[in-house]
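> pasting the structure only:
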């Protein structure tokens with residue numbers, strides 16, 4: 001998986017275009033060449049490449065997580081009464097207020113985010129800011145902090161957001177003091193994260209509100225579901241419709257270059273790359289997630305074929321149907337062959353489960369590993385890359401590797417690692433021959 005991400009990062013690093021955000025002066029100092037990708041799966045496994053540990057400020061990527069907090073406080077009906085859930089079709093800082101009520105269109109645009117921040121229950125603005133930081137930290141699985149320089153820069157250049165708050169106050173949709181609310185909002189946007197942090201945060205939503213790394217339930221499954229729904233329809237501002245059409249994942253971007261997407265029941269992914277397109281979304285981030293959605297068949301409208309279990313069996317000391325004399329039997333006893341069987345369609349989650357079983361088998365230092373994929377009916381392009389990378393790694397570690405697949409797959413094989421056969425017995429026999437050759 002890491003090799004696959006590395007290949008993607010290396011290729012898209014050459015992608016130019018976009019501009020680093022400068023309307024918040026401190027953000028203009030970001031390096032436009034910074035580029036990192038991170039994934040956290042529902043099993044809590046973490047993969048990252050490039051500048052995935054480079055700190056930057058969360059900005060608007062905070063919006064879905066603060067929305068989840070306010071939704072937990074108010075409940076669905078009251079939350080919807082105070083902040084809408086309709087795509088605005090406008091830019092992130094547009095004046096998107098409902099006529100006669102002043103209700104903002106949705107919590108992903110700035111007006112709705114400011115109103116949402118004000119709805120987080122707390123005794124005073126300081127307590128509200130502290131509570132937001134605590135919940136963002138719970139989503140990330142580690143203690144986060146604020147970038148005080150970015151906060152000061154946002155506050156100094158935040159007149160438009162203050163104007164939005166005063167308009168909502170005049171319309172009756174904002175009760176609290178507009179200046180205090182926007183100050184809390186600026187601090188919320190100035191929380192410091194990395195792409196690796198954001199991947200855990202996205203994975204927590206994708207796993208129904210349960211942090212897959214820490215095991216902590218951060219929000220309820222209902223809250224996570226509604227948050228993902230709003231992200232899917234409103235998270236990419238005036239590009240939300242095209243995003244849902246092409247990528248098909250709940251997502252949220254931020255002007256510091258962060259971009260997250262959630263694949264429910266699979267993983268959370270985050271990209272960091274500061275240059276932004278006209279809609280305020282990371283240019284490389286959009287390109288990376290568009291390709292990943294296709295590579296790993298992640299589109300929400302794609303319906304995979306799931307069977308009850310991916311890994312069907314694991315045989316720790318497999319033998320072919322051939323007879324061996326005592327000397328050869330002793331060699332094979334000393335370097336056993338492990339067979340791991342799988343079935344169904346191999347997409348991301350299924351492939352990750354299979355390769356985790358392979359890694360557990362490899363830790364016991366056998367002589368060879370056989371993947372019996374004869375009951376596998378389909379393999380996506382991304383999962384195929386994951387399998388190939390694992391086979392190469394096993395060979396680098398000195399293991400003999402063989403794969404048994406159905407004939408149609410075998411006809412397409414052209415130079416991958418290991419020996420490819422049509423049956424499990426043939427694959428085991430090939431490994432036996434190689435181990436006996438190695439032993440002289």
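That came through fine. All of these numbers come straight from a predicted model, not from anything done at the bench.
> In contact with residue 313, which residues?
Taking Cβ atoms under 8 Å, 6 or more residues apart in numbering, we find residue 313 in contact with 339-341. Backbone N, C-alpha and C define where each C-beta goes, glycine included.
> Identify, from those residues, the entry nearest to residue 227.
Here the nearest of the contacts of residue 313 to residue 227, counting by Cβ to Cβ, is residue 340; it sits at 37.1 Å.
> quick one on the thing from earlier: who wins for neighbours among the contacts of residue 313?
residue 339 (23 neighbours; other Cβ atoms under 10 Å).
> Which other helices and strands does the helix or strand that contains residue 350 contact?
According to DSSP states H and E, residue 350 maps onto helix 348-363. Using 3 or more Cβ pairs under 8 Å, 6 or more residues apart in numbering; DSSP states H and E as the contact criterion, the elements in contact with helix 348-363 are strand 36-41, strand 311-315, strand 337-346, strand 368-379, helix 381-396.
> I'd like the average pLDDT over that helix.
The average pLDDT within helix 348-363 is 92.
> OK, contacts around residue 95?
Contact criterion Cβ under 8 Å, 6+ apart gives 111, 164, 167 as the residues in contact with residue 95.
> Surely the first one and residue 105 touch.
Read that as residue 111. Yes. Distance between residue 111 and residue 105: 7.4 Å, which falls inside the contact criterion (Cβ atoms under 8 Å).
> Those two: which is more packed in?
The neighbour count for residue 111 versus residue 105, taken as other Cβ under 10 Å, is higher for residue 111 (29 against 22).
> Now tell me which helix or strand of this structure has the poorest mean pLDDT.
Scoring the helices and strands of the chain by mean pLDDT, DSSP states H and E places helix 407-412 at the bottom, with a mean of 76.
> Tell me the spacing between residue 351 and residue 127.
Residue 351 sits 45 Å away from residue 127, going by Cβ to Cβ, to the nearest Å.
> Determine which member of the two has the greater number of neighbouring residues.
Between residue 351 and residue 127, counted using other Cβ under 10 Å, residue 351 has the larger neighbour count: 25 against 13.
> wait, the more buried one sits on residue 389?
No. Using Cβ under 8 Å as the test, residue 351 is too far from residue 389 to be in contact (10.8 Å).
> and residue 67, what is it in contact with?
Here residue 67 is in contact with 83, 107-108, 113, 116, 227, 230 (criterion: Cβ under 8 Å, 6+ apart).
> so who does residue 30 touch?
Contacts for residue 30 were tallied using Cβ under 8 Å, 6+ apart; they are 20-21, 56, 256-257, 274.
> Backbone dihedrals for it, please?
Dihedral angles phi and psi of residue 30 (degrees, to the nearest 10) take the values phi -60, psi 150.
> Measure how buried the residue nearest to residue 270 when sequence neighbours are not counted is and give me the count.
Using Cβ to Cβ, 6 or more residues apart in numbering and skipping residues adjacent in sequence, the residue nearest residue 270 is residue 198, 3.5 Å away. Taking other Cβ under 10 Å as the neighbour definition, residue 198 ends up with a count of 30.
> Residue 272 pairs with what?
Partner residues in beta bridges with residue 272, using DSSP bridges, are residue 36, residue 258.
> shaky segments in the stretch 201-350 of the chain?
Flagging of the stretch 201-350 of the chain using pLDDT under 70 yields the residue ranges 304-307.
> Could you measure from the nearest residue to residue 210 once chain neighbours are set aside over to residue 266?
The shortest distance from residue 210 to any non-neighbouring residue, by Cβ to Cβ, 6+ apart, is to residue 217 (5.2 Å). Per Cβ to Cβ, residue 217 is found 19 Å from residue 266.
> can you list the domain ranges for the protein.
Residue ranges of the domains in the chain are recorded as 2-295, 311-433, according to automatic domain parsing.
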